[in-house]
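J.: Sequence first, then the predicted structure:
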Amino acid sequence: MFADLVLKNAKVYLADGIVEAGLAVDEGRIASIAKEANLPSACEKVDLKGHLILPGIIDAHVHLRDQGLKYKEDFFTGTCAAASGGVTTVLDMPNNAPVTMSVDSLKERAGIAARNSLVNVAFYSAFPEQLEEMRDIIEFGAKGFKFFFPKQIGGVDPEDEESLFRYFRKAAELNVPVLIHAEDKGFFESKFEELKRNGRCDVSAFLEAHSVYSEVKAIKHAVELARMSGGHLHVCHVSAEQSMDVISSARQDGVNVTCEVTPHHLLLSSREVDLLGFIALTNPPLRSERDQASLWLNLERGIVDIIASDHAPHALSEKKKDSVWEVAPGFPGLETIVPLMLTQINRGRLALSKFVQVTSKRPAEIFRIEKRGILKEGYFADFIVVDMKKEWKIDSSNFCSKAKFSPFDGRTVKGKVIKTFVNGRLVMDEGEIVEKPGMGKIIR
Ligand code: DOR
Ligand code: ZN
Ligand code: ZN
C-alpha cells in the first residue's frame, strides 16, 4: 500500500491509552496507526518529534455568524479560528441574520459555508414556522433544534406552551435533540424591568437579571417537556450547581438529558466580571466559585457530557457600552478552548482521557457526527498535534477570529496545538493557516 501521508515518531491517543506509533492518511481517512516499521510508504512523510496526536475537537456550540452578521465573524475567519485552536468540526448555532429556521435558510447558509470553511461545519436549526417543516430540515441534515427560552428566535413563542410541546414531540419523533438556552422569559423580563426602573446599569445588575433561579426554572420546564415527549434534551452552557442537580436527578428518573459546560464557566467566576467588566459579560453569566466547583465535580461524575466553547464573537464596539443592557453578551472561544483545557491536564486537574471524551468522542456520539471523534482506522483524518509542554501566553490580538478580545487575554497556558489536520489535509501549521477555504466538509 502507498498512502498520501505518513506521520512518524509520534504518540497517538487511542481508546486504551497512548501508544508510540505513527499514523498514515489516505484519501482523507486514517489508513493505519502502527509502529513505524509497519506503516505504509507515502508520498509525504512528517516527523512529529515525539509530539502527541489527539482527535480533532468537535465543538458543539459555535456562533459562526456570517450573512447579515458578518461584521462579527464569517465562515472563513470563524473556521480559521477553529483550525488555529485545534477544532476540526464546529456545530453552528441558528441565531443568525436571517435566522436558520427553514430548509431555504439552511441551504443558503450551507452553500456559503462550503465555499469558505477550513474545518467541517454542521448546523442546528431554530424551530420553523410550520411544524411539518421540521422533518425536511432534518432530512436536509441539521443536527438538532436549538430553542432559546428567554426570547423568540424562530417559529415558536416561548410562552406558547401548547406549540412548544408539539415541537418537542415532533423532535422526539424525528429522533433528534432539542438544545436549549435555559433562561425563563417571564422571570428575566420582570427582573430586567425592575432593575432598569431603579436606574441600575452596572455589571452586577446583569448578573441579577440573568439569575440562577431563571436558569433552573427553564431547565425544569424543558425537562418536563422532554419527559412528556420522550425526546432528547441537550442543555447548553450549564452554569450553576442547582442546574446540575436538576439535570442529574432528571437523568436518574430516566429522562434523556445531556448537557454541556464551557471553559469560561469552569475557569472564571463573577470575580472576573468585577475585574474585567463588559468583556467578561456572557449569557449565562459567570457565576460563584461554588457553582464553578460544582461544574468540575459534575464533569468528574460524568453528568457533564461535553465541553463546548460557545464561541460568541462580537465587534469590540458592541462590548464597550456605557450601559450593561446594551452590551452584546459573549466572547470568542475557539482559539482558547484547547490550550485552557491542556493547561488543566498539565496541572493534574483534568484527565487526558476525560478531555478527549468530552471534546471529541461524546460530541460525535450525541450529535451523530459519523466516523469522527476518535482516532481509528477508516475514520476521517481529523486530528491535532499538540506540544503538551509548551508554555505561552494567550494574546487575543493574534486571534484569527474577528473578535480580538477575550477574558483569558494575557493568561499563561501550558500546552499548544501545533498542527491541525482536517480530512487528511494540514490546515494549520505552527500558528499559520496553510490551506485554502473550502477544505472543510458540510456534515449532514
Ligand atoms: O452570551 C451569549 N452570546 N449568550 C447567548 O445566548 C447568545 C450568544 C450570542 O449569540 O452572542
Ligand atoms: Zn445560549
Ligand atoms: Zn451560544
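T.: Received the coordinates, thanks. Numbering: from 1, shown residues only. Ligands and ions are numbered 1, 2, ... in the order given.

J.: List phi and psi for the closest residue to Leu268 other than its chain neighbours.
T.: Distances taken as C-beta to C-beta, 6 or more residues apart in numbering place Leu286 nearest to Leu268, at 4.9 Å, with adjacent residues excluded. Placement of C-beta: from N, CA and C, glycine included. As for Leu286, its main-chain torsions (degrees, to the nearest 10) stand at phi -70, psi 140.

J.: residues contacting Leu286?
T.: Shown in contact with Leu286 (C-beta atoms under 8 Å, 6 or more residues apart in numbering): 239, 264-265, 268-270, 272-273, 280.

J.: again, but for Ile247
T.: 219, 223, 235, 238, 257, 259, 303.

J.: Which strands and helices lie in contact with the helix or strand where the first one lies?
T.: When elements are defined using DSSP states H and E, Ile219 is found to belong to helix 212-229. Packed against helix 212-229 by the contact rule (3 or more C-beta pairs under 8 Å, 6 or more residues apart in numbering; DSSP states H and E) you find helix 161-174, strand 178-181, helix 185-197, strand 233-235, helix 241-252.

J.: Check which residues of the first one are buried.
T.: So that's helix 161-174. The neighbour-count check on helix 161-174 (16 or more other C-beta atoms under 10 Å) flags 164, 166-172, 174 as buried.

J.: May I see the contacts of Leu286 organised as JSON lines, with pLDDT added?
T.: JSON lines is the format used below for these (pLDDT from 0 to 100):
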{"residue": "Ser239", "pLDDT": "98"}
{"residue": "His264", "pLDDT": "98"}
{"residue": "His265", "pLDDT": "98"}
{"residue": "Leu268", "pLDDT": "98"}
{"residue": "Ser269", "pLDDT": "98"}
{"residue": "Ser270", "pLDDT": "96"}
{"residue": "Glu272", "pLDDT": "94"}
{"residue": "Val273", "pLDDT": "93"}
{"residue": "Ala280", "pLDDT": "97"}
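
J.: and which of the residues you listed is nearest to Leu52?
T.: Nearest to Leu52 among the contacts of Leu286, counting by C-beta to C-beta, is His264 at 24.9 Å.

J.: and the gap between that closest one and Gly333?
T.: Using C-beta to C-beta, to the nearest Å, His264 is found at 7 Å from Gly333.

J.: Need the residues touching each of those two.
T.: Going by C-beta under 8 Å, 6+ apart, residues that sit against His264 and also against Gly333 are Asp310.

J.: Name all residues that make contact with the residue in the chain positioned nearest to ligand 1.
T.: In the chain, the residue found nearest to ligand 1 is Gly330; the distance is 3.0 Å by C-beta to the nearest ligand atom. By C-beta under 8 Å, 6+ apart, the contact set of Gly330 is 63, 282-283, 310, 312-314.

J.: now do Ala381
T.: Residues near Ala381 by C-beta under 8 Å, 6+ apart: 23, 25, 28-30, 421, 423-424.

J.: re earlier: any idea how far the residue nearest to Leu268 is from Phe331?
T.: Relative to Phe331, Leu286 is positioned 11 Å away (C-beta to C-beta).

J.: returning to that earlier point: would the helix holding Ile219 count as contacting ligand 1?
T.: No - shown here: helix 212-229 not in contact with ligand 1 (C-beta under 6 Å from any ligand atom), separated by at least 11.5 Å.
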